[in-house]
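Undergrad: quick one, fold the following:
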Amino acid sequence: MAMNSALVRVPGTGEVSLAAADTPEPPDATTPLAAAWTGLGLTTPDGTTLARKVEKEGTEHWQQLTPARYIYKSLELTVASAFQETKGEVLSAYFGGMKFTTVGTGTPKNYRAEISSIPKSDVRALCVDWTDVVSDTEIYSHRLYLPRAEVSETQDAQFSRTQEARWGLTFSALTPPKGKTFIAVWLTNDPAVLFGAPSITSSGLDIIADEAPTASD
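TA: Below you'll find the model as predicted:
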């Protein structure tokens, strides 16, 4: 059995950011995102939910009950969060690209936006960042990059005296542009993701998770 409690990860903090569709992939998981990216800010304590759904159907046969092959029907990768900041970037994503403009010349300034009667495509690039700070010497960063994503579902927004406004959004990865075969890229500095690679123990020393016994054992 290969169990190592030092490999348990707790995404202590993170953020979802958006940019124009096909914005280049960040260089790594720790470099701050370029100015092209805009963070969507605070979310509820549930953080972000990543979901992957593969729909497939097994072949049916006269001679046997178990399928010989599976035929893949669909692939869906989604990122969902309930955002708590009522600001332009969040509202634009929630309402399919809606943008506010200044109205009049008075003080304080007033702003106006139109919610279109015809839904339109609003494709963005998306990054999900999260960090686990185990100790001063063990800080692991993860970054999920989607070159093309679009809001596929919105949650009801409730305005009340007893709760802040929340904007629940689910982003779905879209087919990559020509020449690319991936819908997302995972970037990290965490050595635990490598198969058979040295992993960090709770004491900070390197060990091999599944070291084969020697002849003298």
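
Undergrad: wait, residue 155 sits on residue 94?
TA: No: Residue 155 lies out of contact with residue 94 (CB atoms under 8 Å); the separation is 9.3 Å. Heads up, the C-betas are built off the backbone N, CA and C, glycines and all.

Undergrad: below-threshold pLDDT in the protein: ranges please.
TA: Applying pLDDT under 70 to the chain picks out residues 1, 196-217.

Undergrad: where along the protein do the strands fall?
TA: 13-20, 38-39, 43-58, 70-83, 101-103, 110-112, 124-133, 139-154, 167-173, 185-188, 199-200, 206-207 (DSSP state E).

Undergrad: out of those strands, flag the one nearest residue 28.
TA: strand 185-188 (5.7 Å; CB to CB).

Undergrad: what's that closest one in contact with?
TA: Defining contact as CB atoms under 8 Å, 6 or more residues apart in numbering, one finds that strand 185-188 is touched by 25, 26, 28, 29, 140, 141, 142, 143, 144, 145, 147, 193.

Undergrad: who does it pair up with?
TA: strand 139-154 (antiparallel) (DSSP bridges).

Undergrad: show me the beta-bridge partners of residue 70.
TA: residue 58.

Undergrad: counting neighbours, what do you get for residue 180?
TA: Using other CB atoms under 10 Å, residue 180 has 12 other residues around it.

Undergrad: which ones are touching the residue nearest to it when sequence neighbours are not counted?
TA: Using CB to CB, 6 or more residues apart in numbering and skipping the chain neighbours, the partner closest in space to residue 180 is residue 147 (7.2 Å). Shown in contact with residue 147 (CB under 8 Å, 6+ apart): 21, 22, 23, 25, 125, 176, 177, 180, 183, 184, 185.

Undergrad: contacting residues for the residue positioned nearest the centre of the chain?
TA: Against the mean C-alpha coordinate of the chain, by CA atoms, centre = their mean, the closest residue is residue 128 at 4.0 Å. For residue 128, the contact set (CB under 8 Å, 6+ apart) comprises 14, 15, 16, 48, 50, 79, 143, 144.

Undergrad: try it again with 7 Å
TA: By CB atoms under 7 Å, 6 or more residues apart in numbering, the contact list for residue 128 reads 14, 16, 48, 79, 144.

Undergrad: same question, residue 59
TA: Contacts of residue 59 (CB under 7 Å, 6+ apart): 67, 68, 69, 71.

Undergrad: out of those residues, who has the most neighbours?
TA: residue 67 (13 neighbours).

Undergrad: pull the number of nearby residues for the closest residue in space to it that isn't next to it in sequence.
TA: Among residues not flanking residue 67 along the chain, residue 58 sits closest, at 2.9 Å (CB to CB, 6+ apart). Look at residue 58: counted by other CB under 10 Å, it has 11 neighbours.

Undergrad: tell me how far residue 58 lies from residue 52.
TA: Separation of residue 58 from residue 52 (CB to CB, to the nearest Å) stands at 20 Å.

Undergrad: about what we covered before: among the contacts of residue 147, which ones are buried?
TA: 21, 23, 125, 183, 184 (16 or more other CB atoms under 10 Å).

Undergrad: ok, of these, which one's closest to residue 165?
TA: residue 125 (25.6 Å).
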